[in-house]
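>>> Need coordinates for the following:
(2 chains)
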Amino acid sequence: MQATTVAKEIALCVEELSYSYGNRLVLDRVSFQVEKGALIGILGPNGSGKTTLFRLLSTLYSAPAGMITLAGSAYPAQAAAARRRMGIVFQSPSLDKKLTVAENMVHQGHLYGLRGSGLRKRVEELLRLFGLEERTRDLVETLSGGQQRRVEVAKALLHEPELLLLDEPSTGIDPAARRDFWRHLFALKEQKGLTILVTTHLLDEAERCDRLLILDRGKRVAWETPSRLRELIPGSVLSIRSPKLSEMEEELKRLWAGRTVRRVDGTLRIEPRSEESVEDAMRDAASLLQRFGADVTALTVSQPSLEDVFLHLTGHHFESQTEESHGTSKQ
Amino acid sequence: MEPRNSSIASGGFGLGVYTLWNREVVRFLRQKNRVVGALGTPLVFWFLIGSGVGSSFRTGGTGSGDYFSYFFPGMLLLVVLFTAIFSTISLIEDRREGFLQAVLVAPIPRSAVVAAKLLGGMTLSVLQCLLIYLLALPLGLHFSLGSFALVVATLCLLGLALTGIGYLLAWPLDSVQGYHALMNLLLMPLWLLSGALFPPNGSVGWMRAIIHANPLYYGLELLRAALWPGRSSASLWLFGAITLLFTAAVGLAAVVMTDRVRVKHP
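Below is the predicted model of the structure:
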């Protein structure tokens, strides 16, 4: 390590990265820089370019336009060096289910040039760390989904990478296993100073990251901390459910001209005015009830979530877009 | 950075090939139905064609017991073909399930992935063939150390070559169904027209030409020369050289394809 650098070391640097399938541009000049030891979330709906970015960073795709520097090695020029310093957990399980946990780990070790007693010790150590020592000799197919995920991460850490990439790590595991999984991630970050990049479409996972990269239709729409992102919408968000949504929407837009009213998935969401207090929000809610009382199925006053932030940044809802291809998106 | 990294660079290829090869073999042995299928199919074929259909050839005046001896090398080739098909189908499964992704981002050269696959297919097919060979010895199969060595060497080359062909077909595909289509279209005719079922000399001209153009014909004749001395017209050196060259070409093509061809879902 270069001990002379005063500023925080950079674990990953992406500059003006673009990628296309045929003539369809899926990543459009994306840039960001990750400091060593940070936990980064890459957030975006399906079709945002998130998975393509992950595949580029994990060195599965070659020949991108732009620059990628992974743990100090330029990709693709120094691919082998970069690969040695990265641990990668894919969304689809990379374990061989017909082999035991230990066999899977040993194969992985061999692929990274580890062998013998050193490798055996490392396997034991990691399986203990992830609470899997009891399952060492069991076939992977007999493990629960959460346990398999943990083996995946243990496997990716065998060669002591500096950078850990995880693609949608919570796919297919139950909430308890998810909490447990994230506890392990935080421990790794704290204890080993590991730099972690995780793609997710779950907003509650994104809230736990140090910084978020939000992608929409191949473009970077935000690169900020979750709290700073939430500050984009000061105050409380009102949301209304009702069978008469259209009429209500028209009337509200007329009544409260200048405020952002959006209709998303059968809900009307009203962003707060700037500098709005909780009391203002309550007063607004009360007046809404007075006016539309009988037609309101549900009325919620809530802190803005990252979902609201995403809506605010892109003008469309997080989950339900992708069909309408490359229309105009607000920046 | 760390001393370990330098040893990765040097030991990457050999250790990588070993570990992936080892996985192929262990996986095969652990799936009992695969073992049963792999051993059973050729035995059924052998019984049906060698003794059942064979007798109808005999009445045609080919001489008693001849067809069994004629067909035996072709059956070994069929075993090699089946094994090659199965071990390269797993390539598609590994891609779909995700195992391959982890291998492709590991710091080993792509050629190690190819080598392990080809060696795995070779190992399994040679082992099965030898088992059948042992079973056939008491039935009057010719045996000498020289012929045994020639059989093993030829089976190794054929195992590599056929697994290589399967690899070339499987690498760009993302569905097993697609592979089955190609298998019926290409691989089975390749076997049928290798001289395995009928000799080229008795066939019509164009058929003879096709068989002679089939690279498998030369390996098959080597097997025949070893197992049925005096009945094959093979010039061992020439046919051996053709088989070796063919195997090398297929192996090289597989490495190039793995390096160059961009797959939709790597």
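>>> From now on I want contacts and neighbour counts done on CA atoms only, so please keep to that.
Fine.
>>> Give me the nearest residue to residue A:102, chain neighbours excluded.
Nearest non-adjacent residue to residue A:102, counting by C-alpha to C-alpha, 6 or more residues apart in numbering or on different chains: residue A:136, 5.3 Å away.
>>> for residue A:208, same thing?
residue A:226 (7.9 Å).
>>> likewise residue B:22?
residue B:120 (7.7 Å).
>>> and the residue of the stretch 101-250 of chain B nearest chain A?
Nearest residue of the stretch 101-250 of chain B to chain A: residue B:107, at 5.2 Å (C-alpha to the nearest C-alpha).
>>> next helix or strand past the helix or strand bottoming out on mean pLDDT in chain B?
In chain B, no helix or strand scores lower on mean pLDDT, DSSP states H and E than helix B:54-57, which sits at a mean of 50. Once the chain leaves helix B:54-57, the next helix or strand it forms, by DSSP states H and E, is helix B:66-97.
>>> what sits up against stretch A:96-104?
For stretch A:96-104, contacts defined as C-alpha atoms under 8 Å, 6 or more residues apart in numbering or on different chains pick out A:95, A:123, A:135-141, A:151, A:155, B:27, B:30, B:99.
>>> show me the residues around residue A:219 that make contact.
So residue A:219 contacts A:27-30, A:48-49 (C-alpha under 8 Å, 6+ apart).
>>> of all those residues, which two lie farthest apart?
A:29 and A:48 (13.2 Å; C-alpha to C-alpha).
>>> Looking at these two, which is more packed in?
For the pair residue A:29 and residue A:48, the greater number of neighbours falls to residue A:48 (21 against 16), based on other C-alpha atoms under 10 Å in any protein chain shown.
>>> Okay, now the unreliable bits of the stretch 101-250 of chain B?
B:231-234 (pLDDT under 70).
>>> same thing but at 80, please
By pLDDT under 80, the low-scoring segments of the stretch 101-250 of chain B are B:138-141, B:201-203, B:229-234.
>>> Show me which residues of it sit near chain A.
Residues of the stretch 101-250 of chain B lying near chain A by C-alpha under 8 Å from any C-alpha of the partner chain: B:101-108.
>>> Does residue A:184 touch residue A:130 like I think?
Yes. Between residue A:184 and residue A:130 a contact is recorded at 7.4 Å, counting by C-alpha atoms under 8 Å.
>>> Buried ones among the contacts of stretch A:96-104?
The neighbour count (16 or more other C-alpha atoms under 10 Å in any protein chain shown) marks A:95, A:123, A:135-136, A:138-140, A:151, A:155, B:27, B:99 as buried among the contacts of stretch A:96-104.
>>> what helix or strand is the closest residue to chain B within chain A on?
Nearest residue of chain A to chain B, counting by C-alpha to the nearest C-alpha: residue A:94, 3.9 Å away. Assessed by DSSP H and E, residue A:94 sits outside every helix and strand.
>>> List the contacts of the closest residue to chain A within the stretch 1-150 of chain B.
Relative to chain A, the nearest point of the stretch 1-150 of chain B is residue B:99 (3.9 Å; C-alpha to the nearest C-alpha). Residue B:99 makes contact with A:93-96, according to C-alpha under 8 Å, 6+ apart.
>>> Output these in CSV; the columns should cover pLDDT.
Formatted as CSV, those follow (pLDDT from 0 to 100):
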residue, pLDDT
A:93, 89
A:94, 93
A:95, 95
A:96, 94
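>>> Show me the shaky parts of the stretch 101-250 of chain A.
Residue ranges of the stretch 101-250 of chain A with pLDDT under 80: A:171-173, A:201-203, A:233-235.
>>> Contact distance from chain B - what residues of it qualify?
Contacts of the stretch 101-250 of chain A with chain B, taken as C-alpha under 8 Å from any C-alpha, map to A:107, A:110-114.
>>> quick one: which of these sit in strands?
Judged by DSSP state E, those include no members of strands.
>>> By neighbours, which of the residues you listed wins?
When neighbours are taken as other C-alpha under 10 Å, the top entry among those is residue A:111 (30 neighbours).
>>> which residues does it contact?
By C-alpha under 8 Å, 6+ apart, residue A:111 lies in contact with B:12, B:15-16, B:19, B:103, B:106-108.
>>> Give the closest residue to residue B:158 in space, chain neighbours not counted.
residue B:219 (6.8 Å).
>>> on contacts alone, who are the packing partners of the helix or strand hosting the one you found?
For residue B:219, the element it lies in under DSSP H and E is helix B:215-227. Packing contacts for helix B:215-227, counted by 3 or more C-alpha pairs under 8 Å, 6 or more residues apart in numbering or on different chains; DSSP states H and E, involve helix B:66-97, helix B:145-170, helix B:236-260.
>>> Mean neighbour count for those - can I get that in a markdown table?
As requested, these are arranged in a markdown table below (neighbours: other C-alpha atoms under 10 Å in any protein chain shown):
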| stretch | mean neighbour count |
| --- | --- |
| helix B:66-97 | 22 |
| helix B:145-170 | 22 |
| helix B:236-260 | 17 |
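>>> Which of these sits closest to residue B:193?
With distances scored as C-alpha to C-alpha, the stretch of these nearest to residue B:193 is helix B:66-97 (10.6 Å).
>>> C-terminal to that closest one, what's the next element?
Using DSSP H and E, the helix or strand that follows helix B:66-97 in sequence is helix B:99-104.
>>> And the next helix or strand past that following helix?
Next helix or strand after helix B:99-104 toward the C-terminus (DSSP H and E): helix B:110-136.
>>> ok, back up a step: out of the helices and strands packed on helix B:215-227, the one nearest residue A:59 is which?
Checking these against residue A:59 by C-alpha to C-alpha gives helix B:236-260 as the closest, at 13.2 Å.
>>> Next, the angle helix B:215-227 makes with that closest one.
On the basis of axes from the mean of the first three to the mean of the last three C-alpha atoms, to 10 degrees, helix B:236-260 is oriented at 140 degrees to helix B:215-227.
>>> what packs against helix B:236-260?
Helix B:236-260 packs on helix B:110-136, helix B:145-170, helix B:215-227, going by 3+ C-alpha pairs under 8 Å, 6+ apart.
>>> between the longest one and helix B:215-227, how many degrees?
Counting by the same axes, to 10 degrees, helix B:110-136 lies at 40 degrees to helix B:215-227.
>>> mind checking how far helix B:110-136 is from the chain centre?
Remark: helix B:110-136 is offset 7 Å from the chain centroid, using C-alpha atoms, centre = their mean, to the nearest Å.
>>> quick one: the residue of chain A closest to chain B and residue B:100 touch, right?
Yes. With contact defined as C-alpha under 8 Å, residue A:94 reaches residue B:100; the gap is 7.1 Å.
>>> Now residue A:293. Its backbone dihedrals?
Residue A:293 adopts backbone torsions of phi -20, psi -60, taken as degrees, to the nearest 10.
>>> what about it, distance to residue A:287?
9 Å (C-alpha to C-alpha, to the nearest Å).
>>> Can you give me the domain boundaries for chain A?
A:10-229, A:234-303 (automatic domain parsing).
>>> can you give me the strands in the stretch 201-331 of chain A?
With DSSP state E, counting those that start in this stretch as the criterion, the stretch 201-331 of chain A has strands at A:211-216, A:219-224, A:237-241, A:261-264, A:267-270, A:298-302.
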